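Participant: The sequence and its predicted three-dimensional model are supplied below.
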Amino acid sequence: MRLVPKEIESLWTLFTAPAVWAAHFLLCYVGAAVYCAKRSSWGFGFEWVRVGIGVATLLALTMILVSAWLAWRQWGFGAQDPPHDRPTGHDRRSFQGLATLLLSGLSFVAVIYTAMPALVIAECNP
Amino acid sequence: MKAQSVAAYLLPVGCLVAGCSDAQSVLNPHGAEAESIALLFWITAIGGALIWLAVVGALIYAGRRHRKPYSQASAARLVLWAGAVVPSILLAVLLGYALALIPDLRPLAASADDDRLHIEVIGEQFWWRVIYHPPDGQPVVSANEVRLPVGERVTFSLKSTDVIHSFWIPPLGGKMDMIPGRTNTFSLKATKAGIFRSPCTEFCGPSHALMAFTAVAMKPGRFDRWLANEGKEAVNGKPGLKPFLANGCGACHAIRGTEADGAVGPDLTHLASRKTLAAGSLPNTEDAIARFIAEPDEVKPGVRMPAFGMLPQDEIDAIAAYLARLE
C-alpha cells in the first residue's frame, strides 16, 4: 500500500503548490514587516530574517517538488499526451495530474522570485 | 501624401516628445539614482522591443512563409521553451538586475549619517513646507522649492500633515510617499546642476495637479551662499509691509524680521528668490502675486487661503510689490 494513493479523487491536491507559494509569500513579507516594526525589542539582527527566509524558501521548494512528483506520477509520467479530454476517470485523473504539475512549476518559480529580494535587502528602512 | 496629412501624423509624435521636456523627465538623469533608473528603463524598453519583434516575426513567418501545420510535439516544444522556460529565465535575470540596484537606489544605512545636509519636506494641501537642517547651524524654513548641492548625498525626511502626498524629483531619483503620522526617510545625490519641476505624485485633492515644487541642484559653493542668505531675515524696504500686517496676512504667513510669524501657510521671507508662485501654479511675478492675493481659489481650487479681492486695489498692489522684492 502506498503512503499517498496514486489516484486521488479530490481537487485539493491541485492547490497544494499554489497554497505553499501563498504561505511562503505571506511568511516572507509579514515576517519582515513585523521584524522591522518590533526590531528594537527583539534581540537579533536583520541577517536572521534573511536566514529565516532562506530556510522557509528551501522548505517551500521541497514541498512543491514533492507535490510536483506526485502530480507527475498521477499524470502517468507523461505516458500519454494531453489534452486528456475524454469523459473517463482515467483522463480526468491525467488532466488533473498535468494541471497540478504545471501549477507546481509556476509556484516553484514564483517562490524563488519572492525570495530574491532577501539576497540584496540587508536592513529595515530607518 | 500631402504635407498637411504628414503634419497630422507627426503632431501626436511631437506632443509625445514634448512630454519629455527636460525639467520633469526621468530620461534626463542628473542624479545617481536617476541614472540607474534610466538605464533600467532603456534595458527594459529595448529588451521588450526585441521580444516584440521576435514574436511578430514568428507570427509573420508562420502566417506567410510556412503555411503548413506543425506537429503537435513541435508545437508543444515551442510553447514550453518560448512560452515558459525562456520567459522565466529572462524575468529572473531582469528581476535580479533590478533588485541588485536597490541598495544604491535606497541607501538606507547612509541616511543615518549626521554630518550632512538633511532636508525635511512636509506635504500640505497644496504646497510644500521645506526645512533645511545643515549639519552645523540653525534650521532654515522655506517653501515650495528644494535646493541641494551637487555631488553631496542629501537626506530627506518626508512627512504630511493632512493626506498622502508623494515626493518626486524625476531627474534626480525615485519617488517616496509622504504619509500622515509617519516620517519616511530617503536620500538623493545630484550629479549635475539643473532646475527641475517636481510634481506631487499622489492624488491629494482638487488642486493636486497644481502642487509642484522647483528643485534646484547647485554647485556646493553657490548652495552654501544661497542657504546663508535664505537663513537671513527679510530686508524690509517697501511700504507694502504695513497693509500686509494690517490685513492679517501675518497670522498665516511668516516673514522673518517682521511681526508676521504665522505658520499656517508658506513662509514668505525670501519669496522673490523662488522660481514659481503658489507651489508651481503661477510664474513668480508681481502681477501674479497680486492676482493670487485677490483670488487664490480661482487659481487653486480648495486652497486654504481666503480671497482678499475686497481690499482696495492699491493695497493689493502695494503688498504684491513688497512681496515681489523679498529676495
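Facilitator: Here it is on my side, so go on. Remember, predicted model here, so these are calculated numbers, not experimental data.
Participant: which regions of chain A lie under the pLDDT threshold?
Facilitator: For chain A, applying pLDDT under 70 flags the ranges A:1-9, A:126.
Participant: near chain B, which residues of it?
Facilitator: A:81, A:105, A:109, A:112-113, A:116-117, A:119-126 (Cβ under 8 Å from any Cβ of the partner chain). In this view, the C-beta of every residue, glycine as well, is placed from N, C-alpha and C.
Participant: and residue B:119, that's in a strand?
Facilitator: Yes. Counting by DSSP: H, G, I helix; E, B strand; the rest coil, residue B:119 is found in a strand.
Participant: Doesn't residue B:188 belong to a strand?
Facilitator: Yes. Residue B:188: assigned to a strand according to three-state DSSP.
Participant: Tell me, how many residues neighbour it?
Facilitator: Burial of residue B:188 is recorded as 24 neighbouring residues (other Cβ atoms under 10 Å in any protein chain shown).
Participant: Would you map the helices across chain A?
Facilitator: Ranges of helices within chain A are A:16-38, A:46-74, A:89-115, A:117-120, based on DSSP state H.
Participant: Distance to residue B:284 and mean neighbour count added to the ones you listed, as JSON lines?
Facilitator: JSON lines is the format used below for the helices of chain A (distance: least, Cβ to Cβ, whole Å; neighbours: other Cβ atoms under 10 Å in any protein chain shown):
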{"stretch": "helix A:16-38", "distance to residue B:284": "42", "mean neighbour count": "16"}
{"stretch": "helix A:46-74", "distance to residue B:284": "46", "mean neighbour count": "17"}
{"stretch": "helix A:89-115", "distance to residue B:284": "48", "mean neighbour count": "19"}
{"stretch": "helix A:117-120", "distance to residue B:284": "43", "mean neighbour count": "16"}
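Participant: Of those, which is nearest residue B:260?
Facilitator: helix A:16-38 (41.8 Å; Cβ to Cβ).
Participant: what's the distance between residue B:200 and chain A?
Facilitator: Distance, residue B:200 to chain A, by Cβ to the nearest Cβ, to the nearest Å: 21 Å.
Participant: One more: residue B:102?
Facilitator: Separation of residue B:102 from chain A (Cβ to the nearest Cβ): 5 Å.
Participant: and whichever strand or helix holds that residue, C-alpha only, in PDB?
Facilitator: Taking DSSP states H and E as the criterion, residue B:102 maps to helix B:86-105. The C-alpha trace of helix B:86-105 is given here as PDB (Å, rounded to 0.1, in the frame of the first residue of the first chain):
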ATOM      1  CA  VAL B  86      12.900  31.400 -21.700                       C
ATOM      2  CA  PRO B  87      10.500  34.000 -20.300                       C
ATOM      3  CA  SER B  88      11.100  32.600 -16.700                       C
ATOM      4  CA  ILE B  89      14.800  32.900 -17.200                       C
ATOM      5  CA  LEU B  90      14.600  36.400 -18.700                       C
ATOM      6  CA  LEU B  91      12.300  37.600 -15.900                       C
ATOM      7  CA  ALA B  92      14.700  36.100 -13.300                       C
ATOM      8  CA  VAL B  93      17.600  37.900 -14.900                       C
ATOM      9  CA  LEU B  94      15.700  41.200 -15.100                       C
ATOM     10  CA  LEU B  95      14.400  40.800 -11.500                       C
ATOM     11  CA  GLY B  96      17.900  40.000 -10.300                       C
ATOM     12  CA  TYR B  97      19.300  43.100 -12.100                       C
ATOM     13  CA  ALA B  98      16.600  45.400 -10.800                       C
ATOM     14  CA  LEU B  99      16.900  44.000  -7.200                       C
ATOM     15  CA  ALA B 100      20.700  44.500  -7.400                       C
ATOM     16  CA  LEU B 101      20.000  48.200  -7.900                       C
ATOM     17  CA  ILE B 102      18.000  48.500  -4.700                       C
ATOM     18  CA  PRO B 103      21.000  49.100  -2.300                       C
ATOM     19  CA  ASP B 104      22.100  52.000  -4.400                       C
ATOM     20  CA  LEU B 105      18.600  53.400  -5.000                       C
END
